[in-house]
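Chemist: structural data only, the sequence is not supplied:
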């Protein structure tokens, strides 16, 4: 008998949860010889998500929930679910049904019968997505695949099922600033990718604005590459070489033709260009320093306000010290 924990991060999903629960339960009935548990993580929702979870989990033995004291973000929600999981196989999927539950039997088969360690979904198309958002997403994957030490698959999603050894490896990465797509790739292991078409939300509105996605992309690049620091170093080196060459030109020209009245436009342009590069370099450096600042604080990734998972059923580390049974 195999065991499977499915982690479902939730943020203001009161409308989608009943639809999701019904769809997933239909699929789970197809999983022969597999005992499944749904671990819902309420990421500080401001609607009735927690009330819906209490009702669903109270009436179904194979469902439980964790509720945060406030919104800590999807990364923290996934981490809490991974820490609470105890099964042989552990999966992650969204509550809005954009991650099709119908893929679960095939993904589980890849782990139990085909020898893979991870079965993950990869978005093939971005139908229905805004062109600007789609363009920036493609650009992000191209950039991070070139500069990162983690081989992040283009279109990779958080939707996946992993063996216990993979989950244990992920939990050994303690960093505060988490970018799970990068961590999933960084730990390695044998992965089978499943093509997945873009799906509309079952209900509710997306929680990801363009700015939040941009910030998420910056986090991914900074967390898994030092290339931006090298870019600022390269810009500084180029400016230095150009400056030295221009100084030599002025010296030679003065020796040959004598001094002349300097031009203000060229001076202002030089100041603006060099000043802009300095500020750019300081900004890049600041991004890395800010992450060091957050890491050394050693704050917990999240605070649990309520859960129906008993301590004996999950690994309740320092982040869960305030957990209380609902």
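Modeler: Nice, thanks for sending it over. As the structure is a prediction and not an experimental result, all values here were calculated from the model.

Chemist: run through the stretch 1-150 of the chain and note the low-pLDDT ranges.
Modeler: Low-confidence segments of the stretch 1-150 of the chain (pLDDT under 70): 125-138, 140-150.

Chemist: next SSE downstream of the longest helix seen in the chain?
Modeler: Using DSSP state H to define each element, the chain has its longest helix at helix 264-297. Downstream of helix 264-297, the next assigned helix or strand under DSSP states H and E is strand 304-307.

Chemist: show me what counts as buried in that next one.
Modeler: Buried residues in strand 304-307, counted by 16 or more other CB atoms under 10 Å: 304-307. C-beta: built from backbone N, CA, C; applies to glycine.

Chemist: distance from it to the middle of the chain?
Modeler: Chain-centre distance of strand 304-307: 23 Å, with CA atoms, centre = their mean, to the nearest Å.

Chemist: that one - contacts with which helices or strands?
Modeler: strand 63-68 (3 or more CB pairs under 8 Å, 6 or more residues apart in numbering; DSSP states H and E).

Chemist: check which helices and strands the strand it packs on is in contact with.
Modeler: Checking 3+ CB pairs under 8 Å, 6+ apart, strand 63-68 ends up next to strand 34-42, helix 49-59, helix 74-84, strand 304-307.

Chemist: reformat these as JSON lines; add distance to residue 293.
Modeler: Putting the helices and strands packed on strand 63-68 into JSON lines (distance: least, CB to CB, whole Å) gives the following:
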{"stretch": "strand 34-42", "distance to residue 293": "27"}
{"stretch": "helix 49-59", "distance to residue 293": "32"}
{"stretch": "helix 74-84", "distance to residue 293": "18"}
{"stretch": "strand 304-307", "distance to residue 293": "25"}
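
Chemist: show me the contacts for the residue lying closest to residue 164 once chain neighbours are set aside.
Modeler: Leaving out its chain neighbours, the residue that sits closest to residue 164 by CB to CB, 6 or more residues apart in numbering is residue 88, at 5.6 Å. For residue 88, the contacting residues are 2-4, 163-164, by CB atoms under 8 Å, 6 or more residues apart in numbering.

Chemist: show me which of the residues you listed are buried.
Modeler: Buried members of those, scored by 16+ other CB under 10 Å, are 4, 163-164.

Chemist: can you list the buried residues of strand 304-307 in TSV and add distance to residue 296 and pLDDT?
Modeler: Formatted as TSV, those follow (distance: CB to CB, whole Å; pLDDT from 0 to 100):
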residue	distance to residue 296	pLDDT
304	24	89
305	26	87
306	30	85
307	29	87
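
Chemist: widest-spaced pair of those?
Modeler: 305 and 307 (8.3 Å; CB to CB).

Chemist: now the strands for the protein?
Modeler: For the chain, applying DSSP state E gives strands covering 2-10, 34-42, 63-68, 89-92, 118-123, 156-163, 191-196, 304-307.

Chemist: check which helices and strands the first one sits against.
Modeler: Packing partners of strand 2-10 (3+ CB pairs under 8 Å, 6+ apart): helix 16-28, strand 34-42, helix 74-84, strand 89-92, helix 104-112.

Chemist: could you double-check that residue 44 lies in contact with residue 69?
Modeler: Yes: using CB atoms under 8 Å, residue 44 makes contact with residue 69 at a distance of 6.9 Å.

Chemist: these two: which is more packed in?
Modeler: Shown here are residue 44 and residue 69; by other CB atoms under 10 Å, residue 44 has more neighbours (21 against 12).

Chemist: so for stretch 176-196, what gets flagged as buried?
Modeler: Going by neighbour count (16+ other CB under 10 Å), the buried part of stretch 176-196 is 176, 178-187, 191-194, 196.

Chemist: pick the one among those residues closest to residue 118.
Modeler: Nearest to residue 118 among those, with distances taken as CB to CB, is residue 191, at 4.2 Å.

Chemist: not counting sequence-adjacent ones, nearest residue to that closest one?
Modeler: In space, residue 191 is closest to residue 118, 4.2 Å off (CB to CB, 6+ apart).

Chemist: list the contacts of residue 309.
Modeler: 39, 64-66, 84.

Chemist: check what pLDDT it gets.
Modeler: Looking at residue 309, its pLDDT is 81.

Chemist: measure it to residue 32 for me?
Modeler: 26 Å (CB to CB, to the nearest Å).

Chemist: what's the answer for residue 196, then?
Modeler: For residue 196 relative to residue 32 (CB to CB), the value is 24 Å.

Chemist: please apply the same query to residue 110.
Modeler: In terms of CB to CB, residue 110 sits 16 Å off from residue 32.

Chemist: of these two, which one has the most company?
Modeler: Set residue 110 next to residue 32 and count neighbours by other CB under 10 Å: residue 110 wins out with 21 against 7.

Chemist: and that one, what does it touch?
Modeler: Counting by CB under 8 Å, 6+ apart, residue 110 has contacts 116, 119, 192.
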